[in-house]
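Whatever this is, show me its structure:
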Amino acid sequence: MPGTPAPDLGQADLGATPTKGTTFPLPMSPTNRSTSTTSSTLDVTQPSHAQPSSTMGAGFSLDQIPTLTGRNFVITGANTGIGWITAREIAKHGGNVILACRSQEKAEAAIAKIQSELAAGGTPSSEIGTLEFLPLDLQSLKSCAKAARTLRDRNHRIDVLINNAGIMATPFALTKDGIESQFGTNHMGHFVFTMLLLPLIPKDEDAKSRIVILSSFGHTLPYSTGLLELDQIMVSQDGSSAKLEAVYATWAAYGQSKLANLLFAKYLARHLPSSVQCFAVHPGYVDTDLGRNLSSSHGSIVGTVAKGLAAVVAKSPESGAITTLCAATHPKWELSKGIRWAPSGTYFVPEGKVGTPSKFAMDERLGDKLWEMSLEIVRRVLGEKVSEEIKGNIQA
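Numbers count the residues shown, from 1 in each chain. Next up is the predicted model:
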């Protein structure tokens, strides 16, 4: 397929910090009974740009991460930024981590840095989880399928899958498969990788399996229809990208890809067994190199201003990773018997609190449209057999 390849950025995206929202209330106890102003029911009726209410819980912190010995994690884009911090903290607590990245050199350097930092910090080597590299290029659906099959050939159990990698606000470009680059990288690559890994994710209740998909506050700023049509997202059969270029808007395309992340998380939550918890995450405005393309897409002045603003107001990657780590490792599975700590499909915002997604993100019909469109893209790129395999995995 024709097109200029999109740049690869190995960490989660960022966005403006939400302004309203909810958290799951703490379970009633002698220490919080008198001060609690909420019931044990999650309120999800608030508007979307959600900043959790400070009266409903204190969020999550790194010291709440439990021992993760024996649990297996796969993290895309774990060589830098939020993904790297996430991998470090999981390994520190004994979890085994596969860093699914495009560059072997960068992944191996990231692994070495994690090991040296943890050793310097006093973590015994015997307590550090294993760290290994898995080749994954999210701009190639064939690469995503190959990566998933590599793990399936090893029958490698996956307790937690974290879809962390992404690109943001890039100039118009196509993936290797002729898909608009932000949609192709942020959604389609992860769609194929996730769906082909489902047989490796335990479905029994005791396994406490989780799928965590990094979205963004940017999901509230997509195109006016939420999602474009397929012929505006993928090149035509004759290879023409004219329709894609005609409608392309940098930030709306980013918003569409982040909306797709949320819709996908909620679709999985509706169709997978409740024993597999599927979460979407907005990490906040984080100072990573995710926005390095702003100069090329908006000009050098905008890029310089954005870089300066990030240095002043943005969170550190350490702070940004807290939300992901909450969704992936929170020790609570139930508040009480039969009452989930967080229902599958929950949208977490900084720092491990709960926000309410946009109306588009709550639209199940739009989620169904995304599902069908994603399957059609898979059929065109990877063939009917893989498309049917994916449908079978969600029904298994």
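
my read: residue 342 touches residue 333, true?
No - contact criterion Cβ atoms under 8 Å: residue 342 and residue 333 do not qualify, at 9.3 Å. C-beta coordinates here come from the backbone N, C-alpha and C atoms, glycine included.

Please identify which of the two sits among more neighbours.
residue 342 (23 against 14; other Cβ atoms under 10 Å).

Can you tell me the strand partners of the helix or strand where residue 98 lies and which way each runs?
Taking DSSP states H and E as the definition, one finds residue 98 inside strand 96-101. Applying DSSP bridges, strand 96-101 is found paired with strand 72-76 (parallel), strand 131-135 (parallel).

Would you convert these into JSON lines that also reports distance to residue 123, mean neighbour count and mean pLDDT?
Conversion of the strands paired with strand 96-101 to JSON lines gives the following (distance: least, Cβ to Cβ, whole Å; neighbours: other Cβ atoms under 10 Å; pLDDT from 0 to 100):
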{"stretch": "strand 72-76", "distance to residue 123": "17", "mean neighbour count": "27", "mean pLDDT": "99"}
{"stretch": "strand 131-135", "distance to residue 123": "13", "mean neighbour count": "18", "mean pLDDT": "99"}
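
what's near enough to touch residue 208?
Taking Cβ atoms under 8 Å, 6 or more residues apart in numbering, we find residue 208 in contact with 159, 275, 277, 333.

Roughly how far does the spatially closest residue to the first one that is not a sequence neighbour sit from residue 371?
If I follow you right, that is residue 159. In this structure, residue 159 finds its nearest non-sequential neighbour in residue 71, 4.4 Å apart by Cβ to Cβ, 6 or more residues apart in numbering. Note on residue 71: its distance to residue 371, by Cβ to Cβ, to the nearest Å, is 29 Å.

before we move on, what about residue 110?
According to Cβ to Cβ, residue 110 stands 33 Å off from residue 371.

Which of these two has more residues huddled nearby?
Neighbours per residue, other Cβ under 10 Å: of residue 110 and residue 371, the larger number sits with residue 110, 23 against 19.

Could you grab the helix/strand/coil label for that one?
Counting by DSSP: H, G, I helix; E, B strand; the rest coil, the backbone at residue 110 sits in helix.

Would you agree it is in contact with residue 85?
No - using Cβ under 8 Å, residue 110 is not in contact with residue 85; the gap is 10.6 Å.

Break down this structure into its helices, ranges please.
Secondary structure of the chain by DSSP state H: the helices cover 81-92, 104-120, 141-153, 181-183, 189-197, 242-247, 250-271, 294-298, 300-313, 317-329, 359-362, 364-382, 384-395.

Those helices: lowest mean pLDDT?
Among these, helix 300-313 carries the lowest mean pLDDT, at a mean of 44.

what's around residue 394, how many residues?
For residue 394, using other Cβ under 10 Å, the count is 15.

Can you tell me the closest non-neighbouring residue to it?
Nearest residue to residue 394, sequence neighbours excluded (Cβ to Cβ, 6+ apart): residue 271, at 5.3 Å.

What about the one you found, how many residues nearby?
13.

quick one: contacts for residue 163?
Counting by Cβ under 8 Å, 6+ apart, residue 163 has contacts 76, 190, 193, 194, 211, 212, 213, 214, 261.

Check it and give its pLDDT.
99.

how near is residue 154 to residue 61?
Applying Cβ to Cβ, the value for residue 154 to residue 61 is 34 Å.

didn't residue 329 look like it was pressed against residue 63?
No - Residue 329 lies out of contact with residue 63 (Cβ under 8 Å); the separation is 11.8 Å.

between these two, which one's more packed in?
Per other Cβ under 10 Å, whichever of residue 329 and residue 63 has more neighbours is residue 329, with 24 against 5.

can you tell me how far the more buried one sits from residue 360?
29 Å.

And for residue 367?
10 Å.

shared neighbours, those two?
With Cβ under 8 Å, 6+ apart, residue 367 and residue 360 have common neighbours residue 263.

between these two, which one's more packed in?
Higher neighbour count among residue 367 and residue 360: residue 367, with 25 against 21, using other Cβ under 10 Å.

doesn't residue 267 make contact with the more buried one?
Yes - the criterion here is Cβ under 8 Å, and residue 367 meets it with residue 267 at 4.6 Å.

which residues touch residue 107?
78, 79, 99, 101, 133.

More neighbours: residue 154 and residue 61, which one.
Remark: of residue 154 and residue 61, residue 61 carries more neighbours, 12 against 9, as counted by other Cβ under 10 Å.

quick one: the more buried one and residue 81, what's the gap?
Counting by Cβ to Cβ, the gap from residue 61 to residue 81 is 20 Å.

how close does the residue lying closest to residue 175 once chain neighbours are set aside sit to residue 244?
Leaving aside its sequence neighbours, residue 175 sits nearest to residue 184 (Cβ to Cβ, 6+ apart; 3.6 Å). To residue 244, residue 184 is 11 Å away according to Cβ to Cβ.

Tell me the residues that contact both of the two, please.
Common neighbours of residue 184 and residue 244 (Cβ under 8 Å, 6+ apart) are residue 174.

Looking at those two, which is more packed in?
residue 184 (29 against 24).

ok, now how distant is that one from residue 148?
17 Å.

Repeat that for residue 316.
Plainly put, residue 316 is 32 Å away from residue 148 if you go by Cβ to Cβ.

Looking at these two, which is more packed in?
For the pair residue 316 and residue 148, the greater number of neighbours falls to residue 148 (23 against 12), based on other Cβ under 10 Å.

That one and residue 197 touch, don't they?
Yes - with contacts counted by Cβ under 8 Å, residue 148 reaches residue 197, the gap being 4.9 Å.
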